[in-house]
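Chemist: Below: sequence and its predicted model.
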Amino acid sequence: MECAMPCKYSWLDFLFTVVGVGTFLFDLGADLWVARDFYLQGDYCWFGLVVGFIVVSSVLMQTFSWFWFKYDREQTAQTAQTATESLLLGGGRRWGLRALHICQLGFLLRYITAIEQGFLVWWKGKRGSDYAVYLTHDISMLRLFETFFESTPQLILMLYIIMHDNEARVVQWVSVAASTMSIAWMVLEYHRSLRSFLPEKAKLGYGSSVVYFLWNLLLIAPRVGAVALFTSVLPPFITLHFLLLWAAMFFWVWRQNTDFMDSVAGEGLYRATVALIWYFSWFNVAEGRTRGRSIIYHTIMVVDSAILVVTWWFYRDPALTQSYALPLLIVLPSSYLLGLLLKVLYYCCFHPKQWQRPEEAGEDVPDNDILFKSLSFGTAPSQMRNKRMVSLASNFYYRDAPQAPAANMNGNNGAI
């Protein structure tokens, strides 16, 4: 589990980890609060849906977390590396991990361990920076999955209920705010993890993170809005719509022969997860020329979202929707178009274009012409690398090249 480059852990990494667990707990707390409110109000259908999203999301996250712990057990030598792990797992590391994941506590263990390790490295000045960075990368990936498993569907449900009842209680607005915050934080945290794999000379300014953040939110928000609007007029058909589009997306990702997980069952779960993410947002899962796939995907999303919004327009109640119907009809497509323009701006002005080692090229390489190509800049045996995040970063920064890198770091994977 060697590191592809020197691993550095800063106070900002520690801050992101602490704030990340805060947003996760706030989102979970808001969901439990709104579930309790629905139960006390006698809205058992809404209560069941909210609890269902929480349970399904938790089970899937714990499954991915357990798979990754199991895959990495040889690299970590099955030994506890922090006081938290020693206390909770004792001598039986594997059985202890399994029990924690069955109790839906595996993801929380990752957060606690990351905070403890980060504090020891940053504040106490102890060794273990590589392990601290390694932990944060897995957390960012699990938060990415959790966002589309639970936060995004929960946001759509809350928007639907507000439109259906034509009113909103405080707890519902809190749930909307928590889900929105979770999505926004996922975008920030995920991009920060991707950036951490760039060599120092290819480091991008914070302006690139701002543009990346904006274009992702501007593409996700209209999609969420379109699905919520369609659900408000034809709720029985949204499940059918999701299943049909998800099945098509699943077939598409299967055809791209991804190799992200280390088992057949794990790979199937990953492909199903990517198909779910594609229902809301683009997630690149294959190396090489990705521009064509991205264009096809956004074309499908534009057409599908337009159908959803037009359907809502003809089936809506004109009296109840008079105050916001026309503004939404203008804002949703405008936001998506602006998001696409910002995405083009990002890849034209901020995204690394070409990478070659200076010592191999025999000349200095311009800062804006560096492509994070293979992520194999040499190894340091004492350090660790997160091969999953390495693969995601490789596919994100390695774009439209004539051939795939020789070292593909465990196959084809994805990046938003």
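Modeler: Arrived safely. No experiment lies behind these values; they were computed from the predicted model shown. Numbering: from 1, shown residues only.
Chemist: could you point out the longest helix in the protein?
Modeler: helix 11-40 (DSSP state H).
Chemist: Show me what counts as buried in the next helix or strand after that helix.
Modeler: The element immediately downstream of helix 11-40 (helix or strand, assigned by DSSP states H and E) is helix 44-71. Buried residues in helix 44-71, defined by neighbour count with 16 or more other CB atoms under 10 Å: 46-47, 49-51, 53-54, 57-58, 60-71. Heads up, the C-betas are built off the backbone N, CA and C, glycines and all.
Chemist: Who are the packing partners of the longest helix of the chain?
Modeler: Counting contacts by 3 or more CB pairs under 8 Å, 6 or more residues apart in numbering; DSSP states H and E, helix 11-40 is packed against helix 44-71, helix 106-122, helix 129-146, helix 170-195.
Chemist: now those helices as JSON lines including distance to G339 and mean pLDDT?
Modeler: Formatted as JSON lines, those follow (distance: least, CB to CB, whole Å; pLDDT from 0 to 100):
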{"stretch": "helix 44-71", "distance to G339": "25", "mean pLDDT": "93"}
{"stretch": "helix 106-122", "distance to G339": "30", "mean pLDDT": "86"}
{"stretch": "helix 129-146", "distance to G339": "18", "mean pLDDT": "85"}
{"stretch": "helix 170-195", "distance to G339": "12", "mean pLDDT": "86"}
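Chemist: Quick one: closest of these to F16.
Modeler: F16 lies closest, by CB to CB, to one member of these: helix 170-195, at 6.2 Å.
Chemist: Could I get the buried residue list for the closest one?
Modeler: 171-172, 174-176, 178-195.
Chemist: Can you give the contact residues for stretch 49-63?
Modeler: 28, 31-32, 34-35, 38, 101-102, 104, 106-107, 142, 145-146, 149-150, 153-154, 157, 269, 273 (CB atoms under 8 Å, 6 or more residues apart in numbering).
Chemist: Name the residues that touch stretch 290-309?
Modeler: Under CB under 8 Å, 6+ apart, the answer for stretch 290-309 is 222-223, 226-227, 229-230, 241, 245, 278, 282, 284, 286, 328-329, 332-333, 336, 340, 395, 399-400.
Chemist: what's the distance between the spatially most central residue of the chain and V331?
Modeler: Most central in the chain under CA atoms, centre = their mean is L144, positioned 2.0 Å from the mean C-alpha point. To V331, L144 is 26 Å away according to CB to CB, to the nearest Å.
Chemist: next one: Q154
Modeler: Taken as CB to CB, the span from Q154 to V331 is 22 Å.
Chemist: Pick out whichever of those two has more residues nearby.
Modeler: Using other CB atoms under 10 Å, the more surrounded residue of Q154 and V331 is Q154, with 24 against 14.
Chemist: Give me the mean pLDDT for the helix or strand containing that one.
Modeler: Assigned by DSSP H and E, Q154 belongs to helix 152-165. The average pLDDT for helix 152-165 rounds to 93.
Chemist: And stretch 241-260, by the same measure?
Modeler: On average, stretch 241-260 scores 92.
Chemist: Contacts for the helix holding Q154 next, please.
Modeler: Against helix 152-165 from outside (CB under 8 Å, 6+ apart): 31, 34, 46, 49-50, 53, 168, 172, 175-176, 179-180, 183, 220, 224-225, 227-229, 231-232, 235, 280, 321.
Chemist: Buried residues in that helix, which are they?
Modeler: Neighbour-count burial for helix 152-165 flags 152-163 (criterion: 16+ other CB under 10 Å).
Chemist: Greatest separation within those residues: which pair is it?
Modeler: The widest separation within the buried residues of helix 152-165 (CB to CB) is 16.9 Å, between T152 and M163.
Chemist: and V233, what does it touch?
Modeler: Neighbours of V233 in contact, by CB under 8 Å, 6+ apart: 311-312, 315-316.
Chemist: repeat that for 6 Å
Modeler: Counting by CB atoms under 6 Å, 6 or more residues apart in numbering, V233 makes contact with 312, 315-316.
Chemist: Without its sequence neighbours, what residue ends up closest to it?
Modeler: Y315 (3.9 Å; CB to CB, 6 or more residues apart in numbering).
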